[in-house]
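A.B. asks: 3D, please:
(chains A and B)
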Amino acid sequence: MKRNITINMFGSLYAIDEDAYELLNQYQNNMRSYFARQEGGEEIAEDIERRIAELFAELKATGVEAITIEHVQDIISRIGNPEQVDGGDTDNDGENNGNRPGEESKGESGRKKLFRNPDDKMLGGVCSGMACFFGIDALWLRLMMFLLAWFSVGTMIVIYLILWVVIPEPRTPEDRLRMQGRPVNLDNLRDEIVGNVRKAGQYATKPETRQTAKGCLSKLLKGSLIFLILVVFLACIVGAVGYIFYFCANYLGYMSATTLLHDASRTFHIGQSVYWVIGASFVVLLTATIYLGIHLFARMLGRARPLSSTKRIILVVIWLVSAIVFFVSAFRGTVRYNFDKTTQRMERLAQRDSIQNSEQQEFLRREGWKVVRHKNGDTYAKSGEYYTGLRERQYLDTWSRDNTMEYEVEKTEKVAPGIYRLTAMARTDGRGCDIFARSDGKELRSAVPPYGNTGGELWMEARRMSEAAADTTRNTDSTATLKLTGLWQNILDANGGKGFGWSRVTIDNITVGPDGTVTYGVSNARSGEWDGTWFSATDFRLEKTDAPAPKKDTPKRKAVSARHQPA
Amino acid sequence: MNVDNAKSQMRKGMLEYCVMLLLRKEPSYASDIIARLKEADLIVVEGTLYPLLTRLKKDGLLSYEWRESTQGPPRKYYALTPDGDAFLDGLDSAWNELAATVEHLKTGGPATLQQE
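C.D. replies: Numbers count the residues shown, from 1 in each chain, chains lettered A, B, ... in the order given. Have a look, this model is predicted:
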């Protein structure tokens, strides 16, 4: 028993079996879609439909009550399938097809196509479709997929979802045949259609079947898939916008107005074309994502037709490539950006150094110092730890990480012949640093006491004096004491009361000959036993004493206490 | 290449000419043409005719008009246009030449070749 329907063809009614109708409908659809590519193709399809109607009319005239699938099959083999019909007019051998379907079916069966299998699916039918394609049992593929999903920490799930989207479901009986790798010929097509109709009939009589249950599950899953994709999609947009915003803010934020133009011109040079790559790939990624997202969404709502598989694959490839390019270039852009930032910071530091350097040179020139040697030391002069605590005051200074640095400065003065004394304020952290004086072919040296950068003889002296002042108030010259106390108080207070390590260094009995020249300075290279890392010196003072000092052993402390004015 | 294949190639080349010859006698509709062609064993699948008619119409060699039918829906009756007539004349002479050449080859051709 078969269900029978009535169709209207060009104004005439024909009774036709349901399966016959399916086949006929399929045939006409094929015809239409085949000739849609050609000019006047619609007319051809319509002419063929007219011919079918005519043949139906003939059948009716011979007393056929209902058109059966055999009738339709007969008519189709009479008129020919689209390839045959078209081939007759152009190149193909028209006779080949009707009489010898074997050849054609061989050609078709080779073209097995990959589809999702809607008849045997757990989720999207991807596994069973692939099983069909590779001719293995879907069970093994599913098992493998499950294990892979477990071991690949979910990567396989993403791949599955992508495959779900990319691989189409068979929409026509031909697609089904191709999925199964069966030759697309009339017999198979008929079987497929008949089978389907029968199945549809069964489902119609038994509504609660797996089909509907699976449909629900699959709808639910598809719904969550849309949700997932939308979330990823939104995250992408937010992330990208945030990144760009962060990038702009960070990049533009720290640039001053004066360097803006300069930096902008540098930003877009070839080495920084990575920023363009980021932008371009982002635009492509965004477009592809939006397109895919909208399409998917529309499809879920049933508003769009599925994309052709080539289009899908191209889109997905574009999406993947642009995503990879975007993330790689964004990463490289960040690296590049940080590199630029570092470079700029270093340039600014170098600039500052050179300014400082010129300030130091200016200081040396102003004070009349001649640099005899300067090796490995970081500076010529510094400020900040002057012995009175005066922060702006500059003094000779150099430093190196190890004891390899050498620094020697000197200056020559013209004075009247006689006996002189040289005093200087100096400090160091090691032995081997000397104040020296040279005159009349004779050099005198006096070592700088290595107190480091705290305390120092000068500071200790100041402390002694303040203790003494606290003990006794019997000093007669109160005004002088007050004056002295002001300066010594500063020395005592320097470095938060700890002192900066300065000591007074004195060289007595410098005999200046008739030529009247005396050269003095500071050096860590003249004694040859340097084991420190830095020294400082300042306030060199040459005084005429006329009478040679009686002894060279203990003049220092006496001199300091005798003369309270160090500078 | 077997005989069937060669035969079908020959028929196919002839098809356009034959259809136009049929239409020179009288305007016909597609099913008439199909019937005549089938009689002459010129086509195997009927559908072949439709793309051919459409193409000839597109080239301006044929035109059609709708005529009411007693048995069913109106039918398309195809006829040659003046262009089609001229074209067919050209085909006629080409065919005559071809037939003459074939005839010549059949009777004297191989002999001539052997003489050389």
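
A.B. asks: Could you use CA atoms for every contact and neighbour count after this?
C.D. replies: Fine.

A.B. asks: any low-confidence regions in chain B?
C.D. replies: Residues of chain B that meet the criterion pLDDT under 70 lie in B:1, B:109-116.

A.B. asks: Can you tell me which residue sits nearest the middle of chain A?
C.D. replies: A:F331 (1.9 Å; Cα atoms, centre = their mean).

A.B. asks: Contact residues of chain B facing chain A?
C.D. replies: Chain B has residues B:5, B:8-9, B:12, B:31, B:43-52, B:54, B:72-73 near chain A, with proximity defined as Cα under 8 Å from any Cα of the partner chain.

A.B. asks: please redo it, this time with the cut-off set to 6 Å
C.D. replies: Contact residues (Cα under 6 Å from any Cα of the partner chain) of chain B with chain A: B:44-48, B:50, B:52.

A.B. asks: Check which helices and strands the host helix or strand of A:K341 sits against.
C.D. replies: Element membership for A:K341, per DSSP states H and E: helix A:309-367. Where contact means 3 or more Cα pairs under 6 Å, 6 or more residues apart in numbering or on different chains; DSSP states H and E, helix A:309-367 is packed against helix A:274-300.

A.B. asks: what's the offset of the helix it packs on from the middle of its chain?
C.D. replies: 19 Å (Cα atoms, centre = their mean, to the nearest Å).

A.B. asks: Tell me the helices and strands packed up against that helix.
C.D. replies: helix A:309-367.

A.B. asks: Tell me the helix or strand right after the helix it packs on.
C.D. replies: Past helix A:309-367, the next helix or strand by DSSP H and E is strand A:370-375.

A.B. asks: Okay, buried residues for that following strand please.
C.D. replies: For strand A:370-375, the neighbour count (16 or more other Cα atoms under 10 Å in any protein chain shown) marks A:371, A:374 as buried.

A.B. asks: Quick one: list the elements packing against the host helix or strand of A:L24.
C.D. replies: Using DSSP H and E, A:L24 sits within helix A:18-35. Applying 3+ Cα pairs under 6 Å, 6+ apart, we find helix A:18-35 packed against helix A:41-61.

A.B. asks: how about the helices in chain B?
C.D. replies: For chain B, the helices defined by DSSP state H cover B:3-25, B:30-39, B:49-58, B:82-107, B:109-115.

A.B. asks: and if you look at the stretch 1-150 of chain A?
C.D. replies: A:18-35, A:41-61, A:69-79, A:82-89, A:94-99, A:101-110, A:126-134, A:138-151 (DSSP state H, counting those that start in this stretch).

A.B. asks: With mean neighbour count added, can I get those helices in JSON lines?
C.D. replies: Formatted as JSON lines, the helices of the stretch 1-150 of chain A follow (neighbours: other Cα atoms under 10 Å in any protein chain shown):
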{"stretch": "helix A:18-35", "mean neighbour count": "20"}
{"stretch": "helix A:41-61", "mean neighbour count": "19"}
{"stretch": "helix A:69-79", "mean neighbour count": "18"}
{"stretch": "helix A:82-89", "mean neighbour count": "23"}
{"stretch": "helix A:94-99", "mean neighbour count": "20"}
{"stretch": "helix A:101-110", "mean neighbour count": "14"}
{"stretch": "helix A:126-134", "mean neighbour count": "23"}
{"stretch": "helix A:138-151", "mean neighbour count": "14"}
